[in-house]
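>>> Structure of the sequence below:
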Amino acid sequence: MLLYNVTVGVDPSVEQEWLHWMKTEHILDVLNTKMFVSARIYKVLHEVEDGTVSYSTQYFAESLDHVEKYLEHFAPALRQEVDKRFAGKYVAFRTLLEEA
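The predicted structure is shown next:
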């Protein structure tokens, strides 16, 4: 099992709107690609120096091939949607982990 983790720092002024959108639209859009079997979202419980509120969204995939297909075929359009809605109000970094 692979974990594709997206950690996002969100501006507090859009936090609730962003979180609602993630839970009701974006995560479902990612899962609808059929490249991941499940997803979870967690609020990071430590203070951040830049004033953002951080969340970790975890997507679970059965193979590296599925993650690579997602990144090549689906991620660009989904990332554009995030930018269209929340440009300048978030920063994201992504990590791919393999279950040991």
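>>> can you tell me which residues contact Phe93?
For Phe93, the contact set (Cβ atoms under 8 Å, 6 or more residues apart in numbering) comprises 6-7. Placement of C-beta: from N, CA and C, glycine included.
>>> I should have written Tyr90 there, sorry.
So Tyr90 contacts 8-11, 14, 18, 52, 82 (Cβ under 8 Å, 6+ apart).
>>> So which of those residues sit within helices?
Secondary structure defined by DSSP state H assigns 18, 82 of the contacts of Tyr90 to helices.
>>> Just the closest of the contacts of Tyr90 to Asp65, please.
Of all these, the one with the least separation from Asp65 (Cβ to Cβ) is Val82, at 24.3 Å.
>>> Please enumerate the strands of the chain.
2-10, 38-43, 53-61, 90-98 (DSSP state E).
>>> Tell me which of these lies nearest to Thr24.
strand 38-43 (11.6 Å).
>>> Just the CA coordinates for that closest one, please, in PDB.
Below are the C-alpha coordinates for strand 38-43, written out as PDB (Å, rounded to 0.1, in the frame of the first residue of the first chain):
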ATOM      1  CA  SER A  38      -9.500   5.600   0.300                       C
ATOM      2  CA  ALA A  39      -8.700   9.000   1.800                       C
ATOM      3  CA  ARG A  40      -8.500  10.800   5.100                       C
ATOM      4  CA  ILE A  41      -8.000  14.400   6.100                       C
ATOM      5  CA  TYR A  42      -6.400  15.500   9.400                       C
ATOM      6  CA  LYS A  43      -5.800  18.900  10.900                       C
END
